[in-house]
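Student: no FASTA, just this:
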């Protein structure tokens, strides 16, 4: 954490393993429900409508940057946007998540997933990124859903605890499964490339629900498509963050999939995560979002443990999942200050 | 797996680390919704009413023993029974799970959790165990909920994905939390002791949802109360199985809590679980219940992998969580036969 280049960005440098003057921090879902200034302008439209208004998206995206002083701005959008944009028939219900009218059932549904043309299908997303890349004082993170997690919504028809329909398709119809994931990989890759070309300086691939699989099945059924996305971005030279929840057993495989940064949830101590991923990738995480709701004292105690485990080396501080509704913004503000002021033991 | 004593029970021996002629197998939720003979006699009463009918409980408990040929019979009951029996105000809604009328909020609610007197408060449970211990051709497993998992229902008011209210209480009011878990530990311990005295030959402590915690918080906030239960059973000399889902990072701590057997879900390969728990405990698991729904071919493939990782040493085959509704009983029957016929590589 010494001698960073004067013009180096702390977040990007931490992603790349370079020296940083402090541990950079941002929060998944930092823009959104927990902010009063968000609730004041958000309205009641589906997020699929909100993303079509770049001025509103820019404002929502930058609100947490101004309030919290975080070191990165993640585009306000949803992982389901590309699938919705090609007309698969999906909406995002407030407080529920993505809901699919006619879930994916068989090979006949593959035809409903045509190739994504980002400039034609979701020009508003790219316009938002372009505006943000000019207006944001910190790097803009673009993102996409990883094939497994998107597939789980399409197959289940909505959020799921057990992902039983998804796994049944995966185990019993592997050829259809592979084709589904390949198509979703193509969509995410083209979306991410377009976001980077529009000005995003880092990307995050959200495989939020892949932690429901074991390593053998992840390797067989998921890794090839996720790897194709991440490796397909290599030439763009932006940090690639690979994120999931409950992925303790998968961290090594996720790191090796073409990731520069691996997201770690709160179940795995960062010191243990480091032994699983090796020293060539950075770690992002890993405070339990529930800690924020317990107030500042609990938050400080646990932040200190996490920062100590991260040792200030290749570490981007974040929560292990998104900011929960009901989180006190003042606790998050203090948490950012605390991370920025923390220094490793010499 | 050679030279077992002629009268040794395979399930009990595998729990204790002795030689067995084959890998014993049972399934969590083997009695229940997936069996037509269960649906034929179950009726629509709450399970809290069904458990008051020992003859019905005995029949339901033994149905899967007869059909599948499993090596143990787990009492048909619910982890919420003791809490309901002392009048906390809880019911079990079909397809939902435990629902609490007035959730636990503060120290004022501690008074609603008086000590359990098993013979007086739930005589029907003990009567069922007594009947089963005479009628069952295989060992009867008694069980109870671990304090964290029971507390999560009482605090959340029902099933939860994030356990946010539970964690908020745990982090922000540790003294109340500890008292709550201690009371729940007392109840589970007295329930389990009474079940063993009534004839249960093994017990399982269900900490189904504790996998939402990291090792540091588990050690601080949960381990002492769970350990008090398991160590409080040591003099009874029955195998103690300690089970949770998503507990990959906790397996070592759970093993050291006074467990003879640790339950492993499907996320952690058994070979990896073995390195985490050492050689002094047995492993139970660990097929993803969703595999059963994919049919026999997928089931056989994965059973073979699991059995190979377990090496037939200190291994009780099971699913990593309960049998899912919609599972084909014939697949489970074949799975039991397959486990019984499998032998490790010499």
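Tutor: Okay, I see it. Here the structure is a predicted model, which is why all the values come from computation and not from measurement. Numbers count the residues shown, from 1 in each chain, chains lettered A, B, ... in the order given.

Student: use CA for all of it now, contacts and neighbours both
Tutor: Fine.

Student: now residue A:231: closest residue in space, sequence neighbours ignored.
Tutor: Spatially, and ignoring its direct neighbours in sequence, residue A:231 is nearest to residue A:258 (5.3 Å; CA to CA, 6 or more residues apart in numbering or on different chains).

Student: and if you look at residue A:133?
Tutor: Spatial nearest neighbour of residue A:133, chain neighbours left out: residue A:199 (5.3 Å); criterion: CA to CA, 6+ apart.

Student: can you confirm the residue nearest to residue A:231 is in a strand?
Tutor: No. Secondary structure of residue A:258 (DSSP: H, G, I helix; E, B strand; the rest coil): coil, not part of a strand.

Student: list the residues that contact it.
Tutor: Shown in contact with residue A:258 (CA atoms under 8 Å, 6 or more residues apart in numbering or on different chains): A:227, A:230, A:231, A:234, A:240.

Student: and the closest residue to residue A:97 other than its chain neighbours, how far from residue B:213?
Tutor: Spatial nearest neighbour of residue A:97, excluding adjacent residues (CA to CA, 6+ apart): residue A:159 at 6.5 Å. The gap separating residue A:159 from residue B:213 is 22 Å, by CA to CA, to the nearest Å.

Student: same thing with residue A:91?
Tutor: 32 Å.

Student: okay, these two: which has more neighbours?
Tutor: Set side by side, residue A:91 and residue B:213 show more neighbours around residue B:213, with 22 against 19, by other CA atoms under 10 Å in any protein chain shown.

Student: dump the residue contacts of the residue nearest to the more buried one when sequence neighbours are not counted.
Tutor: Once flanking residues are discounted, residue B:213 sits nearest to residue A:267: 5.9 Å by CA to CA, 6+ apart. By CA under 8 Å, 6+ apart, the residues touching residue A:267 are A:246, A:248, B:211, B:212, B:213, B:214, B:215, B:249.

Student: in strands, which of the residues you listed appear?
Tutor: When DSSP state E is applied, those are split such that none fall in strands.

Student: ramachandran angles for residue A:140?
Tutor: Reported as degrees, to the nearest 10, the phi and psi values for residue A:140 are phi -100, psi 130.

Student: residues in the stretch 151-300 of chain A within reach of chain B, list them.
Tutor: A:161-162, A:164, A:167-169, A:171-172, A:211-215, A:246, A:248-249, A:266-269, A:290-291, A:293-295, A:298 (CA under 8 Å from any CA of the partner chain).

Student: picking up where we left off before, what's the distance between the residue nearest to residue B:213 and residue A:107?
Tutor: 37 Å.

Student: check contacts around residue A:271.
Tutor: Contacts of residue A:271 by CA under 8 Å, 6+ apart are A:309, A:310.

Student: quick check, pLDDT for it.
Tutor: pLDDT, residue A:271: 97.

Student: ok, it to chain B distance?
Tutor: 12 Å (CA to the nearest CA, to the nearest Å).

Student: am I right that that residue is in a helix?
Tutor: Yes. Assigned with three-state DSSP, residue A:271 falls within a helix.

Student: could you list every helix and strand in contact with the host helix or strand of residue A:48?
Tutor: Residue A:48 is part of helix A:47-50 when elements are defined by DSSP states H and E. Helices and strands touching helix A:47-50, by 3 or more CA pairs under 8 Å, 6 or more residues apart in numbering or on different chains; DSSP states H and E, are strand A:90-93.
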